[in-house]
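**Student:** return atomic coordinates for the entry below.
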Amino acid sequence: MVILIVNHHGSLGKLIGQIALQGGWKVLIADRLENMQAIFQNNQIDLVVCDATPEEEAVEKISRLDFTRSLRKLGIKVPVILFEDQGTEVALDPELAKEIGGIQIFRKPIHIHEIRNAMDQVKAEILKKKKG
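**Tutor:** This next block holds a predicted model:
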């Protein structure tokens with residue numbers, strides 16, 4: 001199973017990658033939200049973990065929820081985990097995330113056991129579907 005970690009901060013992405021590797025995932029890391037379609041065309045992604053925010057120099061600023069919406073429009077239905085910065089003025093709306101589908105939101109600071117549990121749940125659901 002393959003997890004795509006979208007994170008431009010480095011350290012959090014590395015931590016999540018370590019957790020994923022320990023859980024038996026193959027890890028791919030991208031440092032920006034833009035141009036994800038190519039990654040999905042070339043890889044079978046089972047889970048996306050996203051902590052990236054729009055790059056200041058990006059031509060097209062894209063939020064984490066917009067990124068998830070764009071995946072859905074492309075027909076990509078993988079589960080997505082989003083991280084929300086503590087103290088953000090505009091909180092990610094859990095109802096909107098639910099409406100888009102397959103999204104879990106974690107507020108920073110993150111707790112490793114919560115992330116590990118979320119990854120394990122996704123993995124169990126994938127294995128259940130493969131058996132069923």
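**Student:** worst-scoring helix or strand of this protein, pLDDT-wise?
**Tutor:** Each helix and strand of the chain was given a mean pLDDT (mean pLDDT, DSSP states H and E); the minimum falls on helix 94-100 at a mean of 68.
**Student:** give me the most central residue, this protein.
**Tutor:** Closest to where the C-alpha atoms of the chain average out (C-alpha atoms, centre = their mean) is V49, at 2.1 Å.
**Student:** for this structure, just list every one of the strands.
**Tutor:** Taking DSSP state E, the strands of the chain run over residues 2-6, 26-30, 47-50, 80-84, 103-107.
**Student:** go through the ones you listed and pick out the most buried.
**Tutor:** strand 47-50 (a mean of 25; mean count of other C-beta atoms under 10 Å). Heads up, the C-betas are built off the backbone N, CA and C, glycines and all.
**Student:** where exactly do the helices run in this protein?
**Tutor:** In the chain, the segments counted as helices under DSSP state H are 11-22, 37-42, 64-73, 94-100, 112-131.
**Student:** which of the ones you listed has the lowest mean pLDDT?
**Tutor:** Lowest mean pLDDT within the helices of the chain: helix 94-100, at a mean of 68.
**Student:** pretty sure I103 sits against V80.
**Tutor:** Yes - contact criterion C-beta atoms under 8 Å: I103 and V80 qualify, at 4.9 Å.
**Student:** now the common contact residues for the two.
**Tutor:** Counting by C-beta atoms under 8 Å, 6 or more residues apart in numbering, the contacts common to I103 and V80 are T68.
**Student:** T68 is nearest to which of the strands of the chain?
**Tutor:** strand 80-84 (5.1 Å; C-beta to C-beta).
**Student:** how many residues are close by I115?
**Tutor:** By other C-beta atoms under 10 Å, 20 other residues sit near I115.
**Student:** tell me who's in contact with it.
**Tutor:** I16, I19, V49, I81, F106.
**Student:** mind running it again at 6 Å?
**Tutor:** Listed by C-beta atoms under 6 Å, 6 or more residues apart in numbering, the contact set of I115 reads I19.
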